[in-house]
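Visitor: one predicted model, sequence on top.
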Amino acid sequence: MPEPASLDASTLRPLADPVPAERRTAAIERRRQALDDRKRAFLRMVSHELRTPLNAVIGFSEILSKELYGPLGSPQYKEYATIVHDSGLKLLKLVNQIVEIARLEGHVTDIEMTPENMDEAFEDVIDALDAQIRQREVIVHVVAQGTLPTVLADSRGLRTMLTNLLQNAVTHSPAGGVVHLAAARIGGEVEITIRDQGPGVDSAELPRLLQPFEQGGAILTRGHEGVGLGLPIVDLLSRAMGGRLKLSSSLGAGFLARLILTAA
């Protein structure tokens, strides 16, 4: 019986890849783009379907609480309308934060980088939070005001980050406490710092604070409202702008947030 023909290694050829690498890459990119499109459509739907009725609740409850069309009768009606109005505002803020987290985690961004003056940005944020600052009896001090540097950032995103950081500092500051805001150019970057005189948190907890829905302190003993989305939003937004967020704190030593962005 004849011996089977031996296989010459030189005659062996690797099987051709049925799907070239370029086609696989293009298919993956098309799937990614389709997924981003669905995310955008979902976020638009959520924004509309949740914000529209909330805006109605907030608007009409404000009319009732201020008795714009005449007295309501019992004083309790006015009190209840005020509670509905305030609760609607809190819920709207939560919806906006959840939509923002989903948008940033899904890499669905509309970042437009422009030169932004830090004096103007700080002024806008302090004005927006003026009522809360006065209610908490906190002093906000801008270091070297009038001579602050310019950063390269998205205008809305920069103010969102500063608002979340300043609001966090004001919320955790004692009455009469001082929140220090500063911005300094270091090489090709600008380091923005927001420091409060609050109770601080254990340094081991700092990484956890950048996870959505996490807060410092035990869940049953914390004394402030909020669901822990402010710092994660700042972290995601800073990275989307090519920057970074660094946190420093220890128990009894206050809280320091350092936002580092590209200098303009």
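Guide: That came through fine. Bear in mind the structure is a predicted one, so any value in this text is a computation, not a measurement.
Visitor: SS state for the residue lying closest to residue 157 once chain neighbours are set aside?
Guide: Excluding its sequence neighbours, the residue lying closest to residue 157 (Cβ to Cβ, 6 or more residues apart in numbering) is residue 237, at 4.9 Å. C-betas here are computed from N, CA, C, even on glycine. Following DSSP: H, G, I helix; E, B strand; the rest coil, we place residue 237 in the helix state.
Visitor: wait, what's in contact with residue 237?
Guide: 104, 154, 157, 160, 161 (Cβ atoms under 8 Å, 6 or more residues apart in numbering).
Visitor: the strand or helix carrying the third one: which residues count as buried?
Guide: Taking DSSP states H and E as the criterion, residue 157 maps to helix 155-171. Applying a neighbour-count criterion of 16 or more other Cβ atoms under 10 Å, the buried positions in helix 155-171 are 157-171.
Visitor: quick revisit: any chance of the contacts of residue 237 in TSV, plus pLDDT and distance to residue 138?
Guide: Shown next, in TSV, are these (pLDDT from 0 to 100; distance: Cβ to Cβ, whole Å):
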residue	pLDDT	distance to residue 138
104	79	28
154	96	27
157	95	25
160	95	20
161	96	19
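Visitor: just those now: which is nearest residue 56?
Guide: Using Cβ to Cβ, residue 160 is the member of the contacts of residue 237 that lies nearest residue 56, at 24.7 Å.
Visitor: how much space between the residue nearest to residue 157 and residue 78?
Guide: Residue 237 sits 39 Å away from residue 78, taking Cβ to Cβ, to the nearest Å as the criterion.
Visitor: just list the residues touching the residue most central in space within the chain, thanks.
Guide: Nearest residue to the geometric centre of the chain (Cα atoms, centre = their mean): residue 233, 2.1 Å. Contact analysis of residue 233 by Cβ under 8 Å, 6+ apart lists 97, 100, 101, 104, 160, 161, 164.
Visitor: does residue 228 touch residue 212 like I think?
Guide: Yes. Counting by Cβ atoms under 8 Å, residue 228 does reach residue 212; the two are 6.7 Å apart.
Visitor: now do the residue nearest to residue 157 against residue 71, distance only.
Guide: Taking Cβ to Cβ, one finds residue 237 at 45 Å from residue 71.
Visitor: look up phi and psi at the residue nearest to the centre of the chain.
Guide: Main-chain torsions, residue 233, degrees, to the nearest 10: phi -60, psi -40.
Visitor: what do you get for residue 182?
Guide: phi -150, psi 160.
Visitor: report the beta-bridge partners for it.
Guide: residue 193 (DSSP bridges).
Visitor: gap between it and residue 29?
Guide: In terms of Cβ to Cβ, residue 182 sits 43 Å off from residue 29.
Visitor: before we move on, what about residue 57?
Guide: 42 Å.
Visitor: ok, these two, which is more surrounded?
Guide: residue 57 (16 against 10; other Cβ atoms under 10 Å).
Visitor: in space, what's closest to the more buried one - neighbours in sequence excluded?
Guide: Nearest one to residue 57, counting by Cβ to Cβ, 6+ apart, is residue 88 at 4.5 Å.
Visitor: again with residue 46
Guide: residue 99 (5.9 Å).
Visitor: surely that neighbour and residue 47 touch.
Guide: Yes. At 5.8 Å, residue 99 counts as touching residue 47 under the criterion of Cβ under 8 Å.
Visitor: tell me which of those two has more neighbours.
Guide: More crowded of residue 99 and residue 47, by other Cβ under 10 Å: residue 99, with 17 against 14.
Visitor: pretty sure that one belongs to a strand, no?
Guide: No. Going by three-state DSSP, the assignment for residue 99 is helix, not a strand.
Visitor: from residue 57, how far off is the residue nearest to residue 46?
Guide: 18 Å.
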